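Q: Sequence isn't available, so here's the structure alone:
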DNA sequence: TCGCAAACGGACCGCACTGTCCGCTTACCG
DNA sequence: CGGTAAGCGGACAGTGCGGTCCGTTTGCGA
């Protein structure tokens, strides 16, 4: 990736990456390429030399965020008590989402199903699956949840509050309700089964999903 | 509102309103005024004669949707069993949200706290508050939930799925988890208290909430 | 030090979208 | 039926954005 860039090019590349990450956290995928260039202290065109277009840059950001999340989940998967691990992972991810609009959009939104991000996505899901299976075997979590559900429920908690970025920590309230709902006791049956990842990818690829922003 | 319009003007007004409602359902607040005019079969400028600007139109749409929701909740509030009423209301609202992007954005997003929509909002919240109080008195719902929480939890269910508009009914799955989490048994304590509506309004008015789209 | 390819960035293009203007049309009333 | 004001809508203005071009600068190897 770094390839044989000239020293100034490599320096600019770092500046762009840093600025992009910062702006992506604050504005999400809707960031403006001009702002990005200004923040990085380079010309507008230099950004486009590094990333052929905006979509490519956003995908790179998403990939980056998913890698972060994968690390968090892997760490949580190491915990002795599976339920505690799940709570820790969900809390840690939601915590970051509360401060990072880009991450908010990365987990559980349409991009999550993008074929381009398949590898990153699977690296996130695998450890969660392991954790979830352990918790279910121990009777700590209802049996009808799939690993992807866990991520979607995190996003749900984040999106619950209309002022997610203005009243910090409010998400904890809704995550609390959701965590209680994930327990086996008093669990009612869930009607549509969890879709497979293949089904997600198909749905994302839909012409109906002509998302703007 | 209808005032003394000429017959053709009144006819156009209806066409615009109908087209706006339709487009708002499909595209949400991001709709394009040009598309709207085309769909209504009137000139671009005619739309702006009816609504001074886009924001005004969107607010009118939001008001309209909130009125619909108020009706749904009022109806559910009449049910004998309070819990059944809550489930019915939450399901009905989520059901509409799954088919109406505008409604999705109206309930539980930032606009929900807009001072302009205070009246409409309160008409939605009041019957839910009554229903919730009954359910809590009957021991059917955990005591630490406020009426606004219910709406935010509906939105949470809707936002859980990354392809809300592509895999219909998937929201039912996440609403199921949330409903289970709203029950009193096994309820853990919720850490940040529910903010008051005044606190929401203050948060929405924040400079930090420079929302785009 | 010199030469040159690599890299830079200001200027520019095209597009989409909101909002305005103004000459033309049409409903209504006497 | 004819005068008139209300209404209409195509054309235009302004803005913000993604993406490209091309003359200038700069790092680097010979």
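A: Structure's in. What do you need? If you're wondering where the values come from, they're calculated on a predicted model, not measured in any experiment.

Q: Identify each buried residue in stretch A:122-141, please.
A: Residues of stretch A:122-141 classed as buried: A:123-125, A:127-132, A:134-136, A:140-141 (neighbour count, 16 or more other CB atoms under 10 Å in any protein chain shown). Any C-beta I mention is one placed from the backbone N, CA and C, and that applies to glycine too.

Q: quick check: mean pLDDT across that stretch?
A: Regarding stretch A:122-141, the rounded mean pLDDT is 97.

Q: quick revisit: what about the buried residues of stretch A:122-141, which are in helices?
A: A:123, A:124, A:125, A:127, A:128, A:129, A:130, A:131, A:132, A:134, A:135, A:136 (DSSP state H).

Q: For residue A:168, give me phi and psi.
A: phi -70, psi 150 (degrees, to the nearest 10).

Q: List the contacts of it.
A: When contacts are counted by CB atoms under 8 Å, 6 or more residues apart in numbering or on different chains, residue A:168 touches residue A:98.

Q: residues contacting residue A:172?
A: Contacts of residue A:172 by CB under 8 Å, 6+ apart are A:91, A:94, B:190, B:191, B:192.

Q: now do residue A:73
A: A:89, A:93, A:124, A:127, A:128, A:131.

Q: okay, those in JSON lines with distance to residue B:55 next?
A: Output for those, formatted as JSON lines (distance: CB to CB, whole Å):
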{"residue": "A:89", "distance to residue B:55": "40"}
{"residue": "A:93", "distance to residue B:55": "34"}
{"residue": "A:124", "distance to residue B:55": "38"}
{"residue": "A:127", "distance to residue B:55": "45"}
{"residue": "A:128", "distance to residue B:55": "41"}
{"residue": "A:131", "distance to residue B:55": "46"}
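
Q: Relative to residue B:24, which of the residues you listed is nearest.
A: The nearest member of these to residue B:24, counting by CB to CB, is residue A:93 at 32.4 Å.

Q: Quick check, that closest one in contact with residue A:69.
A: Yes. Residue A:93 lies in contact with residue A:69 (CB atoms under 8 Å); the separation is 5.8 Å.

Q: and for the two, which residues touch both?
A: Common neighbours of residue A:93 and residue A:69, counting by CB under 8 Å, 6+ apart, are A:103, A:107.

Q: Looking only at neighbour counts, state which of the two leads.
A: Using other CB atoms under 10 Å in any protein chain shown, the more surrounded residue of residue A:93 and residue A:69 is residue A:93, with 28 against 24.

Q: Which element, helix or strand, includes the more buried one?
A: helix A:82-99 (DSSP states H and E).

Q: Poorly predicted segments of chain A, please.
A: Low-confidence segments of chain A (pLDDT under 70): A:1-3, A:108, A:163-165, A:204-213.

Q: quick check: longest helix of it.
A: helix A:54-77.

Q: the inter-axis angle of that helix versus helix A:82-99?
A: 150 degrees (axes from the mean of the first three to the mean of the last three CA atoms, to 10 degrees).

Q: Packing partners of the helix or strand residue A:152 falls within?
A: Here residue A:152, judged by DSSP H and E, is contained in helix A:147-160. When contacts are defined as 3 or more CB pairs under 8 Å, 6 or more residues apart in numbering or on different chains; DSSP states H and E, helix A:147-160 packs onto helix A:82-99, helix A:101-106, helix A:118-137, helix A:170-181, helix B:147-160, helix B:170-181.

Q: Report the distance from that helix to the chain centre.
A: Relative to the chain's own centre, helix A:147-160 is displaced by 10 Å; criterion: CA atoms, centre = their mean, to the nearest Å.

Q: what angle sits between that helix and helix A:118-137?
A: Using the same axes, to 10 degrees, helix A:147-160 lies at 100 degrees relative to helix A:118-137.

Q: and DNA strand D, which of the contacts of residue A:172 contact it?
A: The subset of the contacts of residue A:172 within reach of DNA strand D, by CB under 7 Å from any atom of the strand, is empty.

Q: Looking at these, which is nearest residue A:202?
A: Among these, residue A:94 lies closest to residue A:202 (CB to CB), at 27.9 Å.

Q: residues near that closest one, how many?
A: 24.

Q: Just to check, it is in contact with residue A:176?
A: No. Applying CB under 8 Å as the test, residue A:94 and residue A:176 come out as separate, 10.7 Å apart.

Q: between the helix holding residue A:152 and helix A:170-181, how big is the angle?
A: 140 degrees.

Q: Tell me who's in contact with the spatially most central residue of chain A.
A: Most central in chain A under CA atoms, centre = their mean is residue A:107, positioned 2.7 Å from the mean C-alpha point. Residues in contact with residue A:107 (CB under 8 Å, 6+ apart) are A:65, A:66, A:69, A:93, A:97, A:124, A:151, A:154, A:155.
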